[in-house]
Each structure stands twice: as structure tokens, then as C-alpha cells.
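>>> please find the sequence and the predicted model below.
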Amino acid sequence: MGANRTAWILTITAMMASPGARALQMIDARDGVSVEAILSIKEPTRIRIEGGPITDVFGNVQSNHCGTTAALPATPGISAPASQVPATNSAGELIIECDRDKGEIYVRPVGESAKPVNLFVSSANATYTLLLRRADVPADTIVIRDHTPKALKSPTAQAPVGPAPNPVRAMKAMLVAMASDLVPPDIQVEETHAAVPLWAEARFTQVRRFEGRGLIGEAFLLQNISLDPMVLAEPEFDREGGNVAGIAIEHHNLRPGDTTRVYVIRREDTP
């Protein structure tokens, strides 16, 4: 890898880094699309929605400790449908506890079945479908992030052509659009959700493709599906002949089941 590209990788990685960051299960989701996460078989798993409280929970629940009254306070928390699940359901797959003040839930699977558990978690604006795969891992937190772009261009609109006047500024603008979902008018975005072959130990999915002036941005989700920790490095995603201009990885160290976002920015022109 040349010096210029290496410098770009270091710059973009530094922009993504945050002091004390650790690899939670950060799940990028949107209404109506099923996403996977890991559920500890021995410890409670905390589930929350980034930026807002959970309002409803639907699933095959054995029992819950969220109360049985339908008259819930107006403050953020779990709303009536989740709290009216019967106290005991012998065929249920989950035990749920609620933190109403924070609008979070804690779930734990029951029984010996190894099949995944379906859980529907709602906010005031969307319902997220979780496919929870059981694993012998420590207690963890699943954070649901709504990745529906806040500004989408018309499918028939055309991104500006030709190189940007300031390549450095264009690179930064592309990364901000990819990482924050605040998409400026001169960048087009397309939902993809396509599996991409990578390694046997990883599930790698392209979730979005961005197109700007002379740049293509690709946003991926990578999950460690092995039983061992995984350490990631930017050069591993520098495809041969891919004309890569920059790479950013949200979390470089993944425990089994952990997920990270990976961003790849390429130049449109051929090498």
C-alpha cells in the first residue's frame, strides 16, 4: 500500500476512534428488516435503542417482570402491550425484565433449544426485528441503531460528475455521510443488504452504497461468528485493484458474536 493511501487510512481511522470505545453489539437496523444478534444462554442480555426508549416488545415470552397493569406512567419506558404478556407461558423462549425509567429491557433464553429466538422491539417510530442466536458468551448489551437515511435523494437524481474541487474535503464529507446517516444533497445512497464472501469466521454484509463526486462509499457490517476473538486491520479490506482511497473500522477487536461497521471509500476512476 502506498504512502498516500496509508495516510488516508490513518486519518479516517483517527476520525472514527473514540477514547475508551469497546465492542458492544451495535446493531444497524431499520423498520421491517430482520437483523441478527447474539444472546447469552447463561446471563441476561440488555437491549436498548440508541436515541430513544423501547416502547413495545413482542415475542414468545415465558414470563416477564414488567408489571401487569396497563396504566403506565407517561415517562419513557415499556408500554402496555409488553407488560400485558401472560405471567407464565410454558412454551415461551424468553424471560424479560424491564427498566422503565431508561426504556430498556433485559432478556434471557430458557430451555435447551439451540434455535434462534425472534424478538420484535419497537420505538415510537419503528419496529425492529431481531433474530437472536444463542451462544455461551458473557452478559452483553445490544444497541439498536436506526440506519434509515435521514435524507435520501430521488432514485432518478444524478450525483455531480467529475472530481471534487477539494479531494480532502470530499473524502471527509463522504465519511461523515456514511457514519452519521446525514446525507448531503450531492451524495446518493442506496440500501443494499447483500452478503459478501470474506472469511469463514466472519459474516460480512454490505448494507449501503454511497456515490459522490468521483467517490464510491461502501458501508459494511462485520460480525465475528467464530468462537475466538478477532483482531481487524484496515489493509485486510484493501481489495486488489479496488482503487481504494480510504478504510475505516469502528472496532478493531471483536469478541465472539460482536459486530463492527467497516467503511471503504474508493475512487470512481479506474487505476
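Done, it's in. Numbers count the residues shown, from 1 in each chain.

>>> so where is the stretch 51-200 of the chain shaky, pLDDT-wise?
Flagging of the stretch 51-200 of the chain using pLDDT under 70 yields the residue ranges 65-88, 148-167, 181.

>>> could you pull out the helices for it?
80-83, 167-180 (DSSP state H, counting those that start in this stretch).

>>> may I see these organised as TSV, with distance to residue 135 added?
For glycine as for every other residue, the C-beta is placed from the backbone atoms N, C-alpha and C. Shown next, in TSV, are the helices of the stretch 51-200 of the chain (distance: least, Cβ to Cβ, whole Å):
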stretch	distance to residue 135
helix 80-83	25
helix 167-180	28
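
>>> as a markdown table, those with mean neighbour count and distance to residue 100 would be great.
Formatted as a markdown table, the helices of the stretch 51-200 of the chain follow (neighbours: other Cβ atoms under 10 Å; distance: least, Cβ to Cβ, whole Å):
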| stretch | mean neighbour count | distance to residue 100 |
| --- | --- | --- |
| helix 80-83 | 18 | 9 |
| helix 167-180 | 17 | 30 |
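
>>> outline the domain layout of this structure.
3-20+150-267, 31-146 (automatic domain parsing).

>>> now do the same end-to-end measure for the shortest one.
Meaning domain 31-146. Criterion Cα to Cα, to the nearest Å; first-to-last residue distance in domain 31-146 is 8 Å.

>>> do stretch 27-47 as well
Stretch 27-47: ends 10 Å apart by Cα to Cα.

>>> list the buried ones in it?
27-30, 35-41, 44-47 (16 or more other Cβ atoms under 10 Å).

>>> same question for stretch 112-121.
Applying 16+ other Cβ under 10 Å to stretch 112-121 flags 116, 117, 119, 121 as buried.

>>> what's that stretch in contact with?
Residues from elsewhere that reach stretch 112-121 (Cβ atoms under 8 Å, 6 or more residues apart in numbering): 36, 39, 47, 49, 54, 56-60, 93-94, 105, 107, 109, 127-134, 144.

>>> how does it look with 6 Å?
Applying Cβ atoms under 6 Å, 6 or more residues apart in numbering, the external contacts of stretch 112-121 come out as 54, 57, 58, 59, 93, 127, 128, 129, 130, 131, 132, 133.

>>> and the gap between residue 235 and residue 50?
From residue 235 across to residue 50, the span is 30 Å (Cβ to Cβ, to the nearest Å).

>>> now residue 264, nearest residue through space, not along the chain?
residue 218 (4.6 Å; Cβ to Cβ, 6 or more residues apart in numbering).

>>> cool, residue 252 as well?
Per Cβ to Cβ, 6+ apart, closest to residue 252 is residue 232, 5.0 Å.

>>> pretty sure residue 97 contacts residue 108?
No. Between residue 97 and residue 108 there is no contact under Cβ atoms under 6 Å: 8.3 Å.

>>> first to last residue in stretch 248-262, what's the distance?
6 Å.

>>> the stretch 151-271 of the chain: strands as residue ranges?
188-195, 202-211, 215-224, 230-231, 244-249, 253-254, 259-267 (DSSP state E, counting those that start in this stretch).

>>> adding mean neighbour count and distance to residue 140, write these out as CSV.
Formatted as CSV, the strands of the stretch 151-271 of the chain follow (neighbours: other Cβ under 10 Å; distance: least, Cβ to Cβ, whole Å):
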stretch, mean neighbour count, distance to residue 140
strand 188-195, 14, 24
strand 202-211, 18, 17
strand 215-224, 22, 13
strand 230-231, 15, 15
strand 244-249, 24, 20
strand 253-254, 18, 12
strand 259-267, 21, 11
